[in-house]
Each structure stands twice: as C-alpha cells, then as structure tokens.
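> turn this into a model:
(chains A and B)
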Number of protein chains: 2
Amino acid sequence: MQKINFEQTIKLIHKEINVKLVKTNKELDRFLISAVPIIPKLGNYFFKNRGKQLRPVICLLSSKMINKNYSQLSSDIDMSAAIEFIHGATLLHDDVIDEGKLRRGQKSINTIWNNKFSVLFGDFLFSKSFQLMTKANSLNAMAALSQVSSKISEGEFLQLTHENNIHITERKYLEIISLKTAELFAAAMKIPAILTGKNLNKTKSLYKLGLYFGIIFQVMDDYLDYFGKRVTGKKQGKDFYEGKITLPIILLLKKSNNTEINFIKKIFNKHKRLKNDYLEIMKLMRKYKINEDVKNFCNKYNKKSLKILKLFKGYQKDLFINLLVSSINRTY
Amino acid sequence: MQKINFEQTIKLIHKEINVKLVKTNKELDRFLISAVPIIPKLGNYFFKNRGKQLRPVICLLSSKMINKNYSQLSSDIDMSAAIEFIHGATLLHDDVIDEGKLRRGQKSINTIWNNKFSVLFGDFLFSKSFQLMTKANSLNAMAALSQVSSKISEGEFLQLTHENNIHITERKYLEIISLKTAELFAAAMKIPAILTGKNLNKTKSLYKLGLYFGIIFQVMDDYLDYFGKRVTGKKQGKDFYEGKITLPIILLLKKSNNTEINFIKKIFNKHKRLKNDYLEIMKLMRKYKINEDVKNFCNKYNKKSLKILKLFKGYQKDLFINLLVSSINRTY
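Reported below is the predicted structural model:
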C-alpha cells in the first residue's frame, strides 16, 4: 500500500478551502493594522511565514464538509482568523516561557527584540482574536473559544509544574497535551457546527475528531523531537534538552530495566542535558523500538477518528481521512 | 474650604455599591477555580489584597447612577468582574515587562515564582475575562471591552518604544496614558449604558467621564512617584529609576534652562539612575514648583468632568464629584 503523503494532503486541503483561507489571511492582516508603528512591524515579521495554518484550515474544511451554504457563510472566516490569532499568541508566550530561539524557521521575536515584545504582542493578538469573535456574532461560538483559551493556559501550567517530573503518567501527559494543543483543534472542528446550529451529536463528533487529531499531532511533534529529520523550525532534541518528559520518554521508562530507569532519571535530573546524553537516550529508544510504540499509540486515536468520520460524507471527508492517516507519517 | 478626602470617598462608594461588589468578588473567586492546583494558589495570592478595585467599583457606581432597575440587573456584575480580570492580567504582564518586585504591598508573582507564572496567569485571567463577558450576554459590551483590551497593549507598546525618550511630547504622553490606563476606566463607565441600551449621547458622556478620571488617576500616580508619601505598593521614584518619562519630567523640561535640560537628559540617558540623581531632579522639581503644574493639569480635566456630570443626578453623581475632586489630593 502506498503511503499517503502529509505534505501533499495539506496542499490538497489548502486548495479545497483556498478562497476562504485567502479571506482569513486578509482578516488577519486587517486586524494587525495599528497606529502604533511597532505592531504592524512585528505582525509582518511574525506572520511572514504563515506555515501550514492547520487550525484555521481544519476549521474551514470542517465548515465546508457540514454546510451546504458554505460559500454564503462568513462567520467561519472570522472564527478561523480568531483561532489563528489565539494560536499565535500562545506561540509568542511559549517562546518566552521556553526561551525559544527559533519559530517557523526564523529567529523568534524574543530573540530579535526581547521578551517584553513577545508578551505584549501576544496580548495584542489575544485581544484581536476576541474582536474577531465578536465580529462573528455568535455568543455560543465565542463561549466555546474563550473556554479553550483558558484550557490552553491550564495545559501550560500543568506542563510547567510537571517539568522534569520523570514520574509523570501517560494519563497526565495526555491531559496536558489535550489542554495545551488538542482542545484548540477540537474547537476549530466544532465551531462551524455551532455557527450553523447543527445538532449536539454532530457537534460532539466534530469536537472528538478535532481532539483526536490534535492529540496525534502533538504526539507526532514529540515523536519528531527524537525520531524526526527536522527540515525547518524546532531544533531536534529541543524538548529533551529542556527536560520535558514527553510520550517517547514515558514509553521508554515503561520498557526499561531498573538500571536503565535510574540512568534516565539521572539524566533528567541534571541541570543541563548534553549532546552525549541525547545519544545515550537514543540508543535506548532504538533498543526498545519506542518509535513503533509511539506510532501504535497514534494509530489507536486514528482508528477512533476514522470510525467517527463514517458519520460524514463528501470530498472533504476524504481529505480528513488522508490528513489523519498521513499525519502519522509526517516528517516535519 | 475643607478638602474632600479620597480614602473617605472610596469608602462611601464601596458602601453604596457593596451588595454588587460582593457578588463581583464571588464571581472572581468562582472563575479562579481550576483542576490545575497552581491556578487557585496563584489566584488566592494575587487577589489576597483586592485593593481599591476602582475599575469594577466605578462600573457599578455608573450602573447605579443611570439605571432605575439597577438591583435587577446582573450583567453589570459579570462585566465589572471581567474588567477586574483584564486589569489583573495587565498588572501581571506589566510586572514581567517592568521587572516589578512589589504589587499591592506584597512581593509580585514573578518575584516569588518567576516570569513564566506571571505570563501564564495573566493569560488565564485574560481568557476568564472573556468567559465572563460571554456570560454577560451582550455583544456590544463585549466589543467595547475587547477593543479596550487591544488599546491597552497598544499603550504599553507606545510606552515601551518611548522609554528614556526625553523628547516625548505632552501630547504623546497623554496618548500613552489614555491607551494604557484611561480607556479601561472609560469602558467601565460606559458599559452599564451599553448593557441597558441607553442613547449614544449618554454613553459618550460616560465614556468621557471615565477617560478624564482615568487620565487624572494616572497623572496622579506619576505625580506621586515624585511628590508622594508612599504608604503601600510601589516604591517612590520607581518610574524615575526605570527611566520612564512622565508628566512631571515633561513639565520640568518645559521650564528648565538649557544647562538644566542637558543635565536632565544626561541623567535619563544613563544606564542606571541612582538615589543622588533622584535628589537632584527633586531640587529642580521644587525650584519650578512642578507639583503645582501637575495639579493644574489635572484640574483642567476635573473641570471638564464636572461639566459633564451636570447631565446626571442623584447621590451616585455626588459620589463621582467627590471622587474626582479628591483624586487630585490623594496621597497613595
């Protein structure tokens, strides 16, 4: 069986919702206008490379999948722009928290300017996202998205308080990535249903689809930190050097013997981890074939998602299937 | 004529809107509940000393002044809680930006924990403020408050980019304090009118009242940095040591001779200002009676405000008059 290519799938999806994605990006540009000169300057820099724009993209694809009058609808554009701004705000504040030096293949704003600029520009994007939501004119959609926004903070806090905690459970890890990443995908999927008053079952199904996709997406991100061939963006081993305990490490600890467990603990208890520590951990990863375990973990969520997708139909559904399947093979 | 006392006026106002202020505080407590243990912990610490709560308080007082059915209304409680959370979020992020060590008479969160906690807890409060707004169920009020939220970021950016800029004009200073401080007061005043569908004239008058009060409030804050006898909170000379050019300095530069101007410039161009620099500046402040100039500046806005207040009536109006007049005499 030929592997479905992630990059190719993203291209097809972009093509499918292109008209509205262009409008979404125009909205983003319009909301970055300000009489304070530094704001459009930071905006141009930060949004120069827009990347995959996965969150607004799946919002629009979900909208097209479930709405017959998709082309007449405009509130989904406002909401997808709001979602992209929330995502941007969290990236900016993440870079302050993690002292991130690179973002989307270029120096982060805190590197070029400083932390103050990242904090303030994040706040600016947050507030603009709420202006976009009020423009969409749906209190229910707004309630859903503002809830996610506080869930993201909760997820970040959980992550922060479990930093270097080698005893973190798979369950707690799942809670953290759901809050900090997957809930925003879930909201992106379900918001088109809220905007157009679809029934609760459909809304919930879309929520779950987004949540599962978000979980897979974050797990694969954590996977690539150890097993990826990074082309752009994050430096490989970034999570490792920061002492973040992610799924590959959790699964590795499960299979390791006592000597190995103590060795791993020692490494994560160190104030700073070095290249050699990373190579040692990679040896263990290969010994226990942790890459396969992580993929199996993702496949579980994939199966659940594909089952839910049976409730939907059309070309957009096929694209979602390809997105899910290929996201497990993505290399960047 | 006996001076009206600011502290006494605040007490009378608190008494006048006490029932709803208690409810506002209950809302705040309820929205600080989280399954993530660090959040209520930070919440309890940050809101231990609630302070004057001026922003929610003037929102509620404005509501009582203009609404006959004040006691039946509940959306003003949601909105005043939302306003307090926005204010809290900006304080938390301010402390990161200004490296503030003290807040409301106790160590700031970035001092006890670190900057990461201040950034994330600020984000959490921001998102909770938007949840409170959706609860208030008024898209117009929400639009007004989310606009203010981005104005605050703009004001902070303007301030940041004019730091140590000795050539800043009075006009630019006014723009900065309007955006970063006064607009939130203005929103607090006008939101009760928006919630109850008052006519545009009344709404605009309340907006202006809040704006002028906010300007006076910030100018007096900047005044107290040089002329205050600080009891709690900020350390005296904080703005000075941070190199912030505020109204007292702008007015001082206007009156100084060339030698003095060069001396002041040299001091603000220094990487670090010392106690002796502060004392030298204070000599000039006294020489040119800058304290009187600042008070005259405030009195101008006071007169404008008192003129607008003629449109309103009742005991709440009297309290607003006392608040305005006494805020020029406040010592903390």
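> quick check: A:L174 touching A:I216?
No - A:L174 lies out of contact with A:I216 (CB atoms under 8 Å); the separation is 11.7 Å. C-beta: built from backbone N, CA, C; applies to glycine.
> compare neighbour counts for these two and give me the winner.
Taking neighbours as other CB atoms under 10 Å in any protein chain shown, A:L174 and A:I216 compare with A:I216 leading, 26 against 17.
> how close does the residue in the stretch 151-300 of chain A that chain B sits nearest to get to A:L174?
Here the stretch 151-300 of chain A gets closest to chain B at one residue, A:S153, 3.9 Å apart by CB to the nearest CB. According to CB to CB, to the nearest Å, A:S153 and A:L174 sit 18 Å apart.
> same check, this time on A:L160
17 Å.
> which parts of stretch A:155-170 are buried?
Going by neighbour count (16 or more other CB atoms under 10 Å in any protein chain shown), the buried part of stretch A:155-170 is A:155-160, A:162, A:166, A:168.
> in JSON lines, list those residues along with secondary structure and distance to chain B.
Listed next are the buried residues of stretch A:155-170 as JSON lines, based on DSSP: H, G, I helix; E, B strand; the rest coil; distance: CB to the nearest CB, whole Å:
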{"residue": "A:G155", "secondary structure": "helix", "distance to chain B": "8"}
{"residue": "A:E156", "secondary structure": "helix", "distance to chain B": "5"}
{"residue": "A:F157", "secondary structure": "helix", "distance to chain B": "5"}
{"residue": "A:L158", "secondary structure": "helix", "distance to chain B": "5"}
{"residue": "A:Q159", "secondary structure": "helix", "distance to chain B": "10"}
{"residue": "A:L160", "secondary structure": "helix", "distance to chain B": "6"}
{"residue": "A:H162", "secondary structure": "coil", "distance to chain B": "10"}
{"residue": "A:I166", "secondary structure": "coil", "distance to chain B": "19"}
{"residue": "A:I168", "secondary structure": "coil", "distance to chain B": "14"}
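> now those residues in CSV, with pLDDT?
Formatted as CSV, these follow (pLDDT from 0 to 100):
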residue, pLDDT
A:G155, 96
A:E156, 93
A:F157, 94
A:L158, 94
A:Q159, 91
A:L160, 88
A:H162, 89
A:I166, 89
A:I168, 94
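> list just the nearest of the residues you listed to B:I10.
A:F157 (34.0 Å; CB to CB).
> you'd agree the closest one is up against B:K41?
No - using CB under 8 Å, A:F157 is not in contact with B:K41; the gap is 10.2 Å.
> longest helix in chain A, please.
helix A:200-227 (DSSP state H).
> for the helix or strand encompassing A:Y241, buried residues please.
If you go by DSSP states H and E, A:Y241 is part of helix A:238-242. In terms of neighbour count (16+ other CB under 10 Å), helix A:238-242 has its buried residues at A:238-241.
> ok, so what distance separates A:M79 from chain B?
Going from A:M79 to chain B by CB to the nearest CB, to the nearest Å gives 14 Å.
> and A:K313, which of the three is it?
Under the three-state scheme (DSSP: H, G, I helix; E, B strand; the rest coil), A:K313 adopts coil.
> what pLDDT does it get?
At A:K313, the model reports a pLDDT of 93.
> what parts of the stretch 51-200 of chain A come near chain B?
A:89-90, A:93, A:96-97, A:115-117, A:119-124, A:126-128, A:130-131, A:133-134, A:137, A:139, A:142-143, A:146-147, A:149-150, A:152-154, A:156-158, A:160-161 (CB under 8 Å from any CB of the partner chain).
> what about A:I13, how many residues nearby?
23.
> I'd guessed it sits against A:V57; true?
Yes - contact criterion CB under 8 Å: A:I13 and A:V57 qualify, at 5.9 Å.
> now the host helix or strand of A:T24: buried residues?
Here A:T24, judged by DSSP H and E, is contained in helix A:18-31. Using 16+ other CB under 10 Å as the test for burial, helix A:18-31 gives A:20-21, A:23-25, A:27-28, A:31.
> check stretch A:94-108 too.
Within stretch A:94-108, the residues that qualify as buried by neighbour count (16+ other CB under 10 Å) are A:94-98, A:100, A:103-104, A:108.
> between the residues you listed, which sits nearest chain B?
Distance to chain B across the buried residues of stretch A:94-108 (CB to the nearest CB) is lowest for A:I97, with 4.6 Å.
> list the contacts for the residue nearest to A:K107 when sequence neighbours are not counted?
Using CB to CB, 6 or more residues apart in numbering or on different chains and skipping the chain neighbours, the partner closest in space to A:K107 is A:K101 (6.7 Å). Neighbouring residues of A:K101 by CB atoms under 8 Å, 6 or more residues apart in numbering or on different chains: A:107-108, A:111.
> got it, and A:L73?
A:L73 neighbours (CB under 8 Å, 6+ apart): A:63, A:67, A:192, A:195-196.
> most neighbours out of these, which is it?
A:P192 (28 neighbours).
> quick one: that residue is in a strand?
No - counting by three-state DSSP, A:P192 is not found in a strand; it is helix.
> that older thread, mind putting the buried residues of helix A:238-242 into JSON lines with distance to chain B and pLDDT?
Converted to JSON lines, these look like this (distance: CB to the nearest CB, whole Å; pLDDT from 0 to 100):
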{"residue": "A:K238", "distance to chain B": "17", "pLDDT": "86"}
{"residue": "A:D239", "distance to chain B": "16", "pLDDT": "88"}
{"residue": "A:F240", "distance to chain B": "19", "pLDDT": "92"}
{"residue": "A:Y241", "distance to chain B": "17", "pLDDT": "91"}
